[in-house]
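> give me the fold of what follows.
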Amino acid sequence: MFRLAFAAALAWIAVAAPAYGQCRLCSTPVTSRTDEQSADAVTVEIETGVSFDRLVVLGSGQGSAELRPDGTRFAQGTVSDIGPRAMAGTAILHGEPGRFVRVELPSRIELYSLGGGEIAFDEVTSDLPAMPRLDSSGTLTFRFGGRIRITGDADGDYRGDLAIRAEYE
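Have a look, this model is predicted:
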């Protein structure tokens, strides 16, 4: 039994792929990590987008629905309720550990439906601290929300892009 296991191990070593390494005698060794992105870049990854789920609208007047970063929601005017699966958006910043960052959220964007409808998403807020800083692993996670204003008949699925900019301080 031992001979069979030894022969199998010997056969595995014979067919194993060779391991390659950096020649430390040929050139200066590189000890830093080689990433495709530069060390000066801060990247923004959207983990979840803002979703108001479904809005219950009574009539064709004006109304608004607000979704805050902590998940609380408010309805006003002709909007009587916000669906139970509504959720704030979540973004993750990646960059150099310990660095302070400046994050810019747009104050207003337009959302469009396939039927040609248009509504405004404004008062964009986040739970970012006053002086955002990347943690020891180079990440910072934050949540964001805002308000939708509805005027008239606004039936449909609305979509838009919320551009988030981040850079080092």
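> grab the longest strand from this protein for me.
Determined from DSSP state E, the single longest strand within the chain is strand 139-151.
> who does that one pair up with?
Strand 139-151 sits in its sheet next to strand 62-67 (antiparallel), strand 89-94 (antiparallel), strand 118-126 (antiparallel), going by DSSP bridges.
> let me have those in a markdown table, extended by mean pLDDT.
What follows is the strands paired with strand 139-151, written out as a markdown table (pLDDT from 0 to 100):
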| stretch | mean pLDDT |
| --- | --- |
| strand 62-67 | 94 |
| strand 89-94 | 96 |
| strand 118-126 | 93 |
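> highest mean neighbour count out of these?
Mean neighbour count (mean count of other C-beta atoms under 10 Å) peaks for strand 62-67 among the strands paired with strand 139-151, with a mean of 21. C-beta coordinates here come from the backbone N, C-alpha and C atoms, glycine included.
> how about the CA coordinates for that strand, as CSV?
What follows is strand 62-67, C-alpha atoms only, in CSV (Å, rounded to 0.1, in the frame of the first residue of the first chain):
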residue,chain,number,x,y,z
GLN,A,62,-48.1,66.8,-7.2
GLY,A,63,-46.4,64.6,-4.7
SER,A,64,-43.1,63.3,-3.6
ALA,A,65,-41.5,60.2,-2.1
GLU,A,66,-38.3,60.4,0.0
LEU,A,67,-36.0,57.6,0.8
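> ok, residues contacting it?
50, 52, 55, 57, 73-79, 82, 86-88, 123, 145-151 (C-beta atoms under 8 Å, 6 or more residues apart in numbering).
> buried subset of these?
Neighbour-count burial (16 or more other C-beta atoms under 10 Å) is assigned, among the contacts of strand 62-67, to 50, 52, 55, 57, 73, 75, 77-79, 82, 86-88, 145-150.
> residue ranges of the helices in the chain, please?
Ranges of helices in the chain, per DSSP state H, are 2-15.
> centre-most residue in it?
Nearest residue to the geometric centre of the chain (C-alpha atoms, centre = their mean): residue 46, 1.6 Å.
> that residue and residue 141 touch, don't they?
No: using C-beta atoms under 8 Å, residue 46 makes no contact with residue 141, being 11.3 Å away.
> quick one: common contacting residues for these two?
Common neighbours of residue 46 and residue 141 (C-beta under 8 Å, 6+ apart) are 90-91.
> give me the mean pLDDT for stretch 139-152.
Mean pLDDT, computed over stretch 139-152, is 93.
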